[in-house]
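K.L.:
Next comes the sequence, and after it the predicted model I'd like to discuss.
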Amino acid sequence: MAGAIQTLTTERFIVHRAATAESPLVKWLLITFVLGFFAAFLLLPLAIIFTEAFSKGLQGYTHAFMDPATLDSIKLTLFTVAIVVPLNTVFGVAAAWAIARFEFRGKDLLTSLIDLPLWVSPVVGGLLYILLLGPRHGTLGPWLTAHHIRIIFAPAGIVIATTFVTFPFVARGLIPLMQLQGRAEEEAAITLGANGWQVFSRVTLPKIKWGLIYGVILCNARAMGEFGAVSVVSGHVRGLTNTMPLQVEILYNEYSFAAAFALASVLSVLAIITLAIKTFSEWQTQRQLRLALES
């Protein structure tokens, strides 16, 4: 009997090895393919962006940011991010808290609605706001126009469209983390007399901080780089409704290649910084998840 068990174990081990072990040739072919793909579709475009940005030297690079329209696009982008990111952070924390801590009717529907902007084209999202708030043919457009309220083709429309495409990121970064961590510690704190704010600030927030940072970083990156929805609702009014991605397109179409790539290089640097912070926060989040599973 013992011999049969040992034989069966050996056979399973051999099958397992046969199913997972690959020849060195296959391994190096896969690694070479992945590295080649990475270099061709990420490193090479980044190199081209910075090469073209500095094609006229450092003076030409800095001169590109003296253009008033470019400066206005940078200001509008920062203004939009300053509103959208805090707003979506508050929404994401509230949504994650509700979904992870409470049972209620429509919970699955709420979770699906949070994911909606990830599955709908940003251009479609922009068109929805045009149909709802457009000054001429929008459902609420005539009323807004009569009261001298301008949303579409104005900074307000850009903020609304950017908020729509970015609101899933904080919530989706927190929901699985909070679900795995459970609510035992919060309940213990309430039993000891802590109020709601004390429970959140002293118990919940320290446990979710890396997941929160992860979601905020993704939200910030998408808000700065959003093109589709913003392009639809902006109207491309120079100096008023052009964000940095839209200004890059305008400069490129006007054959101001050095200026377009200079502005694109700023977005690229922000993307690299975002990637570094995202990787670190993702590692910390995975570490918290492992600790939650072990406990």
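P.N.:
That came through fine. None of the values given here were measured: they were computed from a predicted structure. Numbering: from 1, shown residues only.

K.L.:
Give me the contacts around stretch 90-106.
P.N.:
By C-beta atoms under 8 Å, 6 or more residues apart in numbering, the residues outside stretch 90-106 that reach it are 107, 110-111, 114, 167, 169-175, 178-179, 183, 186, 204, 208, 212, 215, 219. For the C-beta atoms, the positions are set from N, CA and C on the backbone; glycine is no exception.

K.L.:
Pull out the buried members of these.
P.N.:
Buried by 16 or more other C-beta atoms under 10 Å: 114, 167, 169-175, 178, 183, 186, 204, 208, 212, 215, 219, out of those.

K.L.:
Among the residues you listed, which ones are in helices?
P.N.:
Using DSSP state H, the members of the buried ones among the contacts of stretch 90-106 that fall within helices are 114, 169-175, 178, 186, 208, 212, 215, 219.

K.L.:
of the residues you listed, closest to Glu249?
P.N.:
Cys219 (22.7 Å; C-beta to C-beta).

K.L.:
if I pick the closest one, what's in contact with it?
P.N.:
Contacts of Cys219 by C-beta under 8 Å, 6+ apart are Val84, Val85, Asn88, Thr89, Gly92, Thr166, Phe167, Phe169, Val170.

K.L.:
Give me the nearest residue to the fifth one, chain neighbours excluded.
P.N.:
Of all residues beyond its chain neighbours, the one nearest Gly92 is Val170 (2.6 Å), with distances taken as C-beta to C-beta, 6 or more residues apart in numbering.

K.L.:
Could you tell me which residues make contact with that neighbour?
P.N.:
Counting by C-beta under 8 Å, 6+ apart, Val170 has contacts Asn88, Thr89, Phe91, Gly92, Val93, Ala96, Leu212, Gly215, Val216, Leu218, Cys219.

K.L.:
Relative to Ser55, how far out is it?
P.N.:
Per C-beta to C-beta, to the nearest Å, Val170 is found 39 Å from Ser55.

K.L.:
got it, and Gln247?
P.N.:
Counting by C-beta to C-beta - Gln247 and Ser55 are separated by 18 Å.

K.L.:
Who has more neighbours out of those two?
P.N.:
Taking other C-beta atoms under 10 Å, Gln247 and Ser55 do not tie; Gln247 has more neighbours (26 against 13).

K.L.:
The more buried one touches Lys75, doesn't it?
P.N.:
No. The criterion here is C-beta atoms under 8 Å, and Gln247 misses it with Lys75 at 11.0 Å.

K.L.:
From the rest of the structure, what touches the one helix or strand Thr145 maps to?
P.N.:
Under the criterion of DSSP states H and E, Thr145 resides in helix 141-146. Defining contact as C-beta under 8 Å, 6+ apart, one finds that helix 141-146 is touched by Leu133, Gly134, Pro135, Gly138, Arg150, Ile151, Ile152.
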